[in-house]
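In: have a look at this prediction, sequence included:
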Amino acid sequence: MEAHRKSGTQIDLTYKLSFHRSRYFCDESNQGKLVSGEGSLSCTTGCSYWSSYLVSLMSFYCTEYSEEEDWIYGQRTVNVTLPTVWNNIYQFSYSGNAWIDLQSGGGYWALLSTANLTIRQDIGRINSPPSTYMPAVVRFKQTCYYSLSIPVEDEDSDIIRCRWAVTSSECAGVCKKLYASVLDERWILAIIQSVVLPSIVSDANLCEEDIDRFHTKWSITQENTHITLSCTDEYSGNVSRNCSSGGIWDEPDYSRCISKSMIYILEQLNKLLFGNSDDDFVSNILEDLENITRNNYELRSGDLLTASAILHDIATYVIGYEDETSLSQLDVIMQVGKTGLDEISVPDRSKTSDSWIADSATEIKLQKNICSGKYFMRI
């Protein structure tokens, strides 16, 4: 719930709710229309002069819904006129007694919000309440580690901290925290074990949230945990990273991330190897490979490994078609962006004769320039 002062002792109260969709229906036909809701909003502090503590019935405007997960989500803003009190502090509560059974509580529940209408000296107006948004349903698998960031905004740019509700006036019968979890005051909920037994984890045992050079976001993770994520942007496959002992991130492993452009070249190579191609295919593949890798500093190590495999397969193919292969097809310069690998092995292409592939049993490696962080290979 959020409270914004209008004038005098008038305030706007905004609340957000979620219910089972099977109980309070919402679809495109009535999305944005008022839904009856359930229960009422009451004033519990600062309203003693009222004959009734009722503020509003909890009807709301449906803004989102899910047929699959059977929920609807919505909000509403109501204007309330309050009596004047000496400390300008008011509390509002929404409570009930039909909460689902929990691992640590259930039954009676309550939500409490406090509004202080005192003018702040630093900004010359009353405090603007922080706001947050959470999905109606968040699912976690037992025995797995998760890190959930809770988005929060504050109009006054105040530092906002969070904690578990603790007293019965704040939460009634659902006050106990989620077992085996750590709620960071920076609005991050870490579930560190199966939600069966409680556990305590210190900050020293956690790898901090990190965004690597390829813009992959690694959430807070318990030490000695191996994380695998889907590759981002125009890449297929997955990337993995280890949170080592002491809460230190290892370098991410991008060897299984391959760009869609490189996958396309692989598809063309397969056509070449299976005979579904013309004489220009070798040149086209090498030119495409050069275009992708020239001055490209966003290549993952998976691209390097794939490029090496492509060159190897072309070399094998050319052995059988020596007469059709020109030196121009082999005179390609490939400049590869820095990755997590120091070197990649590729077939030896240092010879100048057409028979070098058949004659050579050696390999050369892509060597990294330690100053620029680039890889260079001439084939």
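Out: Right, received. Where do you want to start?
In: use CA for all of it now, contacts and neighbours both
Out: Will do.
In: what ranges of the stretch 201-350 of the chain fall below the confidence cut-off?
Out: In the predicted model, the stretch 201-350 of the chain carries pLDDT under 70 at residues 201-205, 276-280, 295-297, 320-350.
In: again, only this time at 80
Out: Low-confidence segments of the stretch 201-350 of the chain (pLDDT under 80): 201-206, 219-225, 227-228, 230, 232-233, 270-283, 293-298, 314-350.
In: okay, strands next: where are they in it?
Out: For the stretch 201-350 of the chain, the strands defined by DSSP state E, counting those that start in this stretch occupy 206-207, 210-211, 217-218, 221-222, 225-230, 235-244, 248-249, 257-259, 333-336, 343-347.
In: which of those sits most buried?
Out: Among the strands of the stretch 201-350 of the chain, the stretch with the highest mean neighbour count (mean count of other Cα atoms under 10 Å) is strand 221-222, at a mean of 28.
In: name the helices or strands packed onto it?
Out: Contacting strand 221-222 under the criterion 3 or more Cα pairs under 8 Å, 6 or more residues apart in numbering; DSSP states H and E are the following elements: strand 206-207.
In: packing partners of the strand it packs on?
Out: Helices and strands touching strand 206-207, by 3+ Cα pairs under 8 Å, 6+ apart, are strand 221-222, strand 248-249.
In: rewinding a little: redo the strands of the stretch 201-350 of the chain as a markdown table? Include distance to Asp154.
Out: Below are the strands of the stretch 201-350 of the chain laid out as a markdown table (distance: least, Cα to Cα, whole Å):
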| stretch | distance to Asp154 |
| --- | --- |
| strand 206-207 | 27 |
| strand 210-211 | 23 |
| strand 217-218 | 24 |
| strand 221-222 | 27 |
| strand 225-230 | 31 |
| strand 235-244 | 32 |
| strand 248-249 | 31 |
| strand 257-259 | 38 |
| strand 333-336 | 44 |
| strand 343-347 | 48 |
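In: the nearest residue to Glu38 once chain neighbours are set aside: how many residues sit nearby?
Out: Leaving aside its sequence neighbours, Glu38 sits nearest to Met58 (Cα to Cα, 6 or more residues apart in numbering; 5.7 Å). By other Cα atoms under 10 Å, 19 other residues sit near Met58.
In: report the contact partners of Met58.
Out: Ser36, Gly37, Glu38, Gly39, Ser40, Leu41 (Cα atoms under 8 Å, 6 or more residues apart in numbering).
In: select only the buried ones of those residues in PyMOL?
Out: For the buried members of those, the matching PyMOL selection, counting by 16 or more other Cα atoms under 10 Å, is:
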select buried, resi 37+41
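In: tell me which of the contacts of Met58 fall in strands.
Out: Assigned to strands by DSSP state E, the following of these qualify: Ser40, Leu41.
In: which among the contacts of Met58 gets closest to Cys257?
Out: The shortest approach to Cys257 among these belongs to Gly37, at 47.4 Å (Cα to Cα).
In: the closest one and His20, how far apart?
Out: According to Cα to Cα, to the nearest Å, Gly37 stands 10 Å off from His20.
In: Val166 now?
Out: From Val166 across to His20, the span is 27 Å (Cα to Cα).
In: and these two? which has more neighbours close in?
Out: When Val166 and His20 are compared for neighbours, His20 comes out ahead with 17 against 14, by other Cα under 10 Å.
In: ok, that one to Gly74 distance?
Out: 12 Å.
In: repeat that for Ile150.
Out: Ile150 sits 18 Å away from Gly74, taking Cα to Cα as the criterion.
In: out of these two, which sits in the busier spot?
Out: A count of neighbours by other Cα under 10 Å puts Gly74 above the other of Ile150 and Gly74, at 23 against 14.
In: in terms of helices and strands, where is the more buried one?
Out: Gly74 belongs to strand 71-81 when assigned by DSSP states H and E.
In: hmm, who's touching that strand?
Out: So strand 71-81 is contacted by 9-22, 24-26, 55-56, 59-66, 136-137 (Cα under 8 Å, 6+ apart).
In: ok, which stretches of the stretch 51-200 of the chain are helices?
Out: For the stretch 51-200 of the chain, the helices defined by DSSP state H, counting those that start in this stretch occupy 168-171.
In: number of nearby residues for the nearest residue to Leu266 once chain neighbours are set aside?
Out: Counting by Cα to Cα, 6+ apart, Ile310 is the residue found nearest to Leu266 once chain neighbours are left out, at 7.1 Å. The local packing of Ile310 (other Cα under 10 Å) involves 21 other residues.
In: from Glu267, how far off is Ile310?
Out: Taking Cα to Cα, one finds Ile310 at 10 Å from Glu267.
In: equivalent analysis for Pro252, please.
Out: Plainly put, Pro252 is 27 Å away from Glu267 if you go by Cα to Cα.
In: more neighbours: which of these two?
Out: Counting neighbours by other Cα under 10 Å for Pro252 and for Glu267 shows that Pro252 has the greater number, 19 against 11.
In: now do the contacts for the more buried one.
Out: By Cα under 8 Å, 6+ apart, the contact set of Pro252 is Val239, Ser240, Arg241, Asn242, Gly340.
In: I figured Ser301 hits Ser255, correct?
Out: Yes. Using Cα atoms under 8 Å, Ser301 is in contact with Ser255, at 4.8 Å.
In: between those two, which one's more packed in?
Out: Just comparing Ser301 and Ser255: by other Cα under 10 Å the higher neighbour count belongs to Ser301, 24 against 20.
In: alpha carbons of the strand holding Gly74, as PDB, please.
Out: Extracted in PDB, the C-alpha atoms of strand 71-81 (Å, rounded to 0.1, in the frame of the first residue of the first chain):
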ATOM      1  CA  TRP A  71      -4.300 -15.700 -10.900                       C
ATOM      2  CA  ILE A  72      -5.400 -12.100 -11.500                       C
ATOM      3  CA  TYR A  73      -3.500  -9.000 -10.400                       C
ATOM      4  CA  GLY A  74      -4.700  -5.400 -10.100                       C
ATOM      5  CA  GLN A  75      -4.600  -2.200  -8.100                       C
ATOM      6  CA  ARG A  76      -6.800   0.800  -7.100                       C
ATOM      7  CA  THR A  77      -6.300   4.200  -5.600                       C
ATOM      8  CA  VAL A  78      -8.900   5.600  -3.100                       C
ATOM      9  CA  ASN A  79      -9.100   9.100  -1.700                       C
ATOM     10  CA  VAL A  80      -9.400   9.200   2.100                       C
ATOM     11  CA  THR A  81     -10.100  12.200   4.400                       C
END
